[in-house]
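Novice: Everything below, folded, please.
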Amino acid sequence: MLPPILPDVAATSIFSFIVAWNPYLIARIFMSSIAQLPLTVGVMPLFEGVHDWGLMMAAAVLVTAPLVVLFVFVQRHLIVGFGAGAVKG
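Specialist: Presented below is the predicted three-dimensional model:
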């Protein structure tokens, strides 16, 4: 029973990881220590009072690069998962 649902499980796992990667609001409100902040919130002190676009773009690449690499490796599993969920019968 596992082989037919494996693409669906992979697609759900990937989407769950992407959603969990960016808990900006919850981390910004409840975390007080900078050492415990996720990467997306941890780069925000770099931007306070600074208008250096190069620094902002470098931080944006740093934050999004792991998701892009993950997506490159699991793209075919996502496509198979989408197709498996769309077929009736």
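
Novice: for the record, mean pLDDT for the lengthiest helix in the chain?
Specialist: For the chain, the helix reaching the highest residue count under DSSP state H is reported as helix 53-86. Here the mean pLDDT over helix 53-86 is 79, rounded to a whole number.

Novice: Going by neighbour count, which residues in it are buried?
Specialist: 59, 63, 74, 77, 81 (16 or more other CB atoms under 10 Å). C-beta here means a position set from N, CA and C on the backbone, and glycine is covered the same way.

Novice: One more: stretch 10-20?
Specialist: In stretch 10-20, counting by 16+ other CB under 10 Å, buried: 10-11, 14.

Novice: What of stretch 32-39?
Specialist: 37-38.

Novice: Name the surrounding residues that touch it.
Specialist: With CB atoms under 8 Å, 6 or more residues apart in numbering as the contact definition, stretch 32-39 has outside contacts at 21-24, 27, 31, 42, 45, 62-63.

Novice: Surely A11 and L78 touch.
Specialist: Yes. With the criterion set as CB atoms under 8 Å, A11 and L78 qualify as a contacting pair; they are 5.3 Å apart.
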